[in-house]
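S.K.: sequence first, then the predicted structure, then my questions.
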Amino acid sequence: MKPQKEKVCERVYLTFPKKLVKEPIVCWLAKKFDILFNIRGSTVTAEMGLVALEINGERGEVDKAIRWLKEQGVIVEPIEKNVIE
């Protein structure tokens with residue numbers, strides 16, 4: 001019997017600098033990694049973007065997805081529990 005992989009739900013704020021505001025980063029995230037995500041809120045202007053995102057999946061995939069976001073130049077910060085329930 002295969003051991004079950006740990007499923008997690010990470011809630012994060014993504015801050016997109018001006019140079020990334022028009023890039024389809026969240027779309028690429030869905031295509032590159034075996035995760036599900038839920039946009040819980042967002043504010044986007046010409047100068048910056050802020051997205052509250054829940055990322056669901058196996059721990060390893062979620063960690064890789066978050067690492068990839070950071071590599072693209074997105075600032076990733078955890079959302080405190082119960083902020084968006």
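M.R.: Sure, I can see it.
S.K.: now the protein, which segments are flagged as low pLDDT?
M.R.: Residue ranges of the chain with pLDDT under 70: 1-4, 81-85.
S.K.: which residue ranges of it form strands?
M.R.: Secondary structure of the chain (DSSP state E): strands located at 7-16, 35-44, 49-58, 75-78.
S.K.: in a markdown table: the ones you listed, plus distance to Arg67.
M.R.: Placement of C-beta: from N, CA and C, glycine included. Shown next, in a markdown table, are the strands of the chain (distance: least, CB to CB, whole Å):
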| stretch | distance to Arg67 |
| --- | --- |
| strand 7-16 | 12 |
| strand 35-44 | 12 |
| strand 49-58 | 12 |
| strand 75-78 | 9 |
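S.K.: want to throw those strands into CSV with mean neighbour count and distance to Ile25?
M.R.: Putting the strands of the chain into CSV (neighbours: other CB atoms under 10 Å; distance: least, CB to CB, whole Å) gives the following:
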stretch, mean neighbour count, distance to Ile25
strand 7-16, 18, 7
strand 35-44, 14, 11
strand 49-58, 18, 9
strand 75-78, 13, 11
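S.K.: in the chain, which helix is the longest?
M.R.: helix 59-72 (DSSP state H).
S.K.: quick one: list the elements packing against it.
M.R.: Contacts defined by 3 or more CB pairs under 8 Å, 6 or more residues apart in numbering; DSSP states H and E place helix 59-72 against strand 7-16, helix 25-32, strand 35-44, strand 49-58, strand 75-78.
S.K.: Ile66: which of these is closest?
M.R.: Closest to Ile66 of these is strand 75-78 (CB to CB; 5.6 Å).
S.K.: need the residues that contact the closest one.
M.R.: Under the contact criterion CB atoms under 8 Å, 6 or more residues apart in numbering, strand 75-78 has outside partners 10-15, 17, 66, 69-70.
S.K.: any idea how far Glu71 is from Trp28?
M.R.: From Glu71 across to Trp28, the span is 12 Å (CB to CB, to the nearest Å).
S.K.: and if you look at Lys7?
M.R.: From Lys7 to Trp28 the distance is 22 Å (CB to CB).
S.K.: and if you look at Cys9?
M.R.: 21 Å.
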